[in-house]
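Undergrad: Show me the folded form of this:
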Amino acid sequence: MNNSNIDEIIKGCKKNDRNCQKLLFELFSKKMMGVCLRYCYNYETARDMVQDGFVKVYTKINDFKGDSAVQTWMTRIFINTCLSHINKLENKSIHLDINDLNVQYTTENSIGNEEVVENSIKNLPVTAVLEYINQLPEKYKIVLNMYSIDGYSHQQIAEALDIQIGSSKSRLSRARQLLIDLIKEKEN
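TA: Numbers count the residues shown, from 1 in each chain. Here you go, the predicted model:
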């Protein structure tokens, strides 16, 4: 579908046209389901997040100014919807204890992790990589998704999750290491 058709659908959605809302859903629901599945552990929860996300899209569509692609704008809404859901479930802030041995990492372990991750996963199908990521503990999975897949900065992650920037960096490093270990264990 070309951009002028999408622009017409957006205009219709701004007028609460149900047919345009349906078309927008049909165009982007699978992509947004993929986003939600990266943040939610099960299909049913992800499906609920897709529904909640589209409700937010429809109610906030007048805020869309066209400064970015509609898919980019919608992806942010869906990520935030998933994060809000996760925060409600936790019902408390996640705090990182710097002395927690499960979270500590050494500089020599993190050197070259980018290369190791790349080499470990480059031959795996995308579905397999996503399955491995889904096996990570939630606090690591979220940061890995936000940073590596969705392109958030550590500052943005820290603000979204109400954590320190150092905690975001630490969780990303730990997520990468856990992912490497998991892939090594399963693939060897």
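Undergrad: okay, CA-based contacts and neighbour counts for the rest of this
TA: Noted.
Undergrad: I figured N134 hits Y41, correct?
TA: Yes. Counting by Cα atoms under 8 Å, Y41 is a contact partner of N134 at 6.4 Å.
Undergrad: ok, these two, which is more surrounded?
TA: N134 (21 against 16; other Cα atoms under 10 Å).
Undergrad: Let me see the contact set for that one.
TA: R38, Y41, K141 (Cα atoms under 8 Å, 6 or more residues apart in numbering).
Undergrad: just those: which has the poorest pLDDT?
TA: Going through those one by one, the lowest pLDDT turns up at Y41, 74.
Undergrad: coming back round to it: ok, so of the contacts of N134, who is nearest R76?
TA: Nearest to R76, judged by Cα to Cα, of the contacts of N134 is R38 at 13.4 Å.
Undergrad: That closest one against Y132, yeah?
TA: No. Counting by Cα under 8 Å, R38 stays clear of Y132, with 10.6 Å between them.
Undergrad: Neighbour count: these two, which is higher?
TA: Ranked by neighbour count (other Cα under 10 Å), R38 and Y132 place R38 first, with 22 against 17.
Undergrad: Can you identify the element that follows the helix or strand that contains the more buried one toward the C-terminus?
TA: Under the criterion of DSSP states H and E, R38 resides in helix 18-39. From helix 18-39 onward toward the C-terminus, using DSSP H and E, the following helix or strand is helix 43-60.
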